[in-house]
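Novice: structure, please.
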Amino acid sequence: STGAEFSMYGGSICGNTGGGWTIGVGLCLHNDNGKHQIRGGKIYDNKNVAYDSPEGVGVYVYGGNLTISGAVEIYGNKRGTEDDNIYMPWNLDQECILIIDGELTNTTPIGVWARFEDVVIKADGTNVTDLTEYMDNFTPDNTGRVLQLSVDKKNIKLLSPHIHPICGGEHSDIGD
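Specialist: The predicted model follows:
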């Protein structure tokens, strides 16, 4: 659909199981120019038994931004045996999918999974302008990727570390 809205302030979405080619087993937000917000509640223990199914078992967001704040708990969602909590597919029309516009009080880091390396988390620029204190609220679900704060502290990207041949260390460089 186009321009749909979804708001969650509490409650739970849990224990759903998909098989085969299923997206958004817990919550599927798939529409153009959608306005979605999660301000509280839990999305957990949803699973897709088929590892090769599309991503987005906990929350699948496509075609609109997801804005979060408050006591949001999104954890324990699995695609096969892999963590798959919030999935952000590649979208030419959007620079990012997940927007933070207020304090997050989650006690378990929210896993994020993205198809390509890109900005996956962004400060709203009004209520939140610096994401430094939000780094511990998130964790990468992609194997081998790391979350890194941009130089201007307004974005968090999901990057693949690369190894420097001289020092042998892994680094994830990020610009603005």
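
Novice: please count neighbours and contacts with C-alpha atoms only from this point.
Specialist: OK.

Novice: mind checking how far Ile38 is from Phe6?
Specialist: Noted for Ile38: a distance of 8 Å to Phe6, by Cα to Cα, to the nearest Å.

Novice: do Leu158 as well
Specialist: Note on Leu158: its distance to Phe6, by Cα to Cα, is 25 Å.

Novice: neighbour count: the two, which is higher?
Specialist: A count of neighbours by other Cα atoms under 10 Å puts Leu158 above the other of Leu158 and Phe6, at 26 against 11.

Novice: that one: what's it in contact with?
Specialist: Leu158 makes contacts with 114, 117-120, 140, 145-148, as judged by Cα atoms under 8 Å, 6 or more residues apart in numbering.

Novice: in helices, which of these appear?
Specialist: Judged by DSSP state H, the subset of the contacts of Leu158 located in helices is empty.

Novice: how about these in JSON lines, adding pLDDT?
Specialist: Output for these, formatted as JSON lines (pLDDT from 0 to 100):
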{"residue": "Ala114", "pLDDT": "78"}
{"residue": "Glu117", "pLDDT": "71"}
{"residue": "Asp118", "pLDDT": "70"}
{"residue": "Val119", "pLDDT": "68"}
{"residue": "Val120", "pLDDT": "83"}
{"residue": "Pro140", "pLDDT": "93"}
{"residue": "Arg145", "pLDDT": "88"}
{"residue": "Val146", "pLDDT": "91"}
{"residue": "Leu147", "pLDDT": "92"}
{"residue": "Gln148", "pLDDT": "93"}
